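J.: quick one, fold the following:
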Amino acid sequence: MATQTYHVILHHLSPDAKVASAAQPDHDLPTISIEKLRELLVALAATAAILPARSAASPEIRVKAGKDTLTVRVTEGQLRFVSWETKAGGVGLTVDQIIARVHLSAPRAEPAPKRPARMHAPAEAPEKIPRWIKVSGLIIAIVSINCTSVWMLLKPPPDLLSEFELLPAGASHDLLASLAGDYETGTREGDRRLTIQSDGALQLSKYGQRRAVLEENTKTARGALTSGKPALLTDDPYLLEIKDPNTVVLYGDTYKRKSL
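T.: Next up is the predicted model:
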């Protein structure tokens, strides 16, 4: 059976993912084995640990798995896994968890057609362990591995939602009106834009090159209090933290209000 390979693109990374630089061109690797992908992810994790906080580089490893493009980027010295199924900003996963997610997203090969049995095949020697026991054991092992992988990927993130109290409708509207506007994490490729509207609608966008919008996601929110401080509760649910009138934090990403 042919070995599964993946189409990988390295952004702002050297071909071995050990050097991050904005001067690095995108490296297109069309046939990468899962073992080589693991090596690149381990190298990216090591690179992330020493990448300066204000670096001009935004290193990413993009993996085309089936119809989905899975992205692993660096945020605050750690690996963040991003796909359409994850929240804006992605989720923090280990290299093994990312490899498991890539396996689940990869297209499954069609089973090879069975060869017709020989008309006069010689009788097989009796097996010590009945075949049905072997088949049952194999099925149980496969189901256990798949269930474990799915649980690791879908379990809630370790940071639990803080206690909160919803604001009355009037106070919620006033808070949303004071926050209404456009916010950004930055203006480079891979950065995010957040638009807060006074009616509670939130629009999250991801920038491509020259601030072209690549992805969009719409949510709703209303005013709340957490630890005595105002915040917004999204329909995920997730708390949007208000640092000051021009700075908010959502999904671990810090957004600054755009200058008019």
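J.: so how far is the strand ranked longest in the chain off the chain centroid?
T.: What stands out as the longest strand in the chain, according to DSSP state E, is strand 213-226. Relative to the centre of its chain, strand 213-226 is centred 18 Å away, using CA atoms, centre = their mean, to the nearest Å.
J.: and residue 96, what pLDDT?
T.: Residue 96 is assigned 88 on the pLDDT scale.
J.: what about it, neighbour count?
T.: 12 (other CB atoms under 10 Å). For glycine as for every other residue, the C-beta is placed from the backbone atoms N, C-alpha and C.
J.: how much space separates it from residue 144?
T.: Residue 96 sits 16 Å away from residue 144, going by CB to CB, to the nearest Å.
J.: tell me the pLDDT of residue 106.
T.: For residue 106, the model assigns a pLDDT of 62.
J.: now residue 43
T.: 92.
J.: can you classify it by secondary structure?
T.: The three-state label for residue 43, taken from DSSP: H, G, I helix; E, B strand; the rest coil, comes out as helix.
J.: so the closest residue to residue 45 other than its chain neighbours: helix, strand or coil?
T.: Among residues not flanking residue 45 along the chain, residue 79 sits closest, at 5.6 Å (CB to CB, 6 or more residues apart in numbering). Following three-state DSSP, the label given to residue 79 is strand.
J.: neighbours around residue 79, how many?
T.: Quick note: residue 79 (other CB under 10 Å) scores 21 neighbours.
J.: and residue 64, what is it in contact with?
T.: 6-9, 70 (CB atoms under 8 Å, 6 or more residues apart in numbering).
J.: got it, and residue 256?
T.: Contacts of residue 256 by CB under 8 Å, 6+ apart are 183-185, 246-247.
J.: show me where pLDDT drops low in the stretch 51-200 of the chain?
T.: Where the stretch 51-200 of the chain drops to pLDDT under 70, the residues are 66-67, 84-90, 105-128, 146-162.
J.: would you map the helices across the stretch 151-260 of the chain?
T.: 169-179 (DSSP state H, counting those that start in this stretch).
J.: separation between residue 72 and residue 28?
T.: 16 Å.
J.: which of the two has more residues huddled nearby?
T.: Between residue 72 and residue 28, counted using other CB under 10 Å, the more crowded position is residue 72 (27 against 10).
J.: that one reaches residue 79, doesn't it?
T.: Yes. Residue 72 lies in contact with residue 79 (CB atoms under 8 Å); the separation is 5.6 Å.
J.: find the residues that touch each one of these two.
T.: Overlap of the contact sets of residue 72 and residue 79 (by CB under 8 Å, 6+ apart) consists of 41, 44, 98.
J.: what about the spatially closest residue to the first one that is not a sequence neighbour, distance to residue 214?
T.: Just to be clear, that refers to residue 41. The spatial neighbour of residue 41 that comes closest, neighbours along the chain excluded (CB to CB, 6+ apart), is residue 95 at 4.6 Å. From residue 95 over to residue 214 the distance is 25 Å, taken as CB to CB.
J.: the two: who's more crowded?
T.: Between residue 95 and residue 214, residue 95 has the larger neighbour count (other CB under 10 Å), namely 17 against 11.
J.: can you give me phi and psi for the more buried one?
T.: In terms of degrees, to the nearest 10, the main-chain angles of residue 95 are phi -60, psi -40.
J.: again with the one 5 residues further on
T.: Backbone dihedrals for residue 100, given as degrees, to the nearest 10, come out at phi -60, psi -40.
J.: run a quick neighbour tally on it.
T.: Residue 100: 19 surrounding residues under other CB under 10 Å.
J.: which two in the contacts of residue 256 are spaced the farthest apart?
T.: Distance extremes for the contacts of residue 256: the farthest pair is 185 and 246 at 13.4 Å, using CB to CB.
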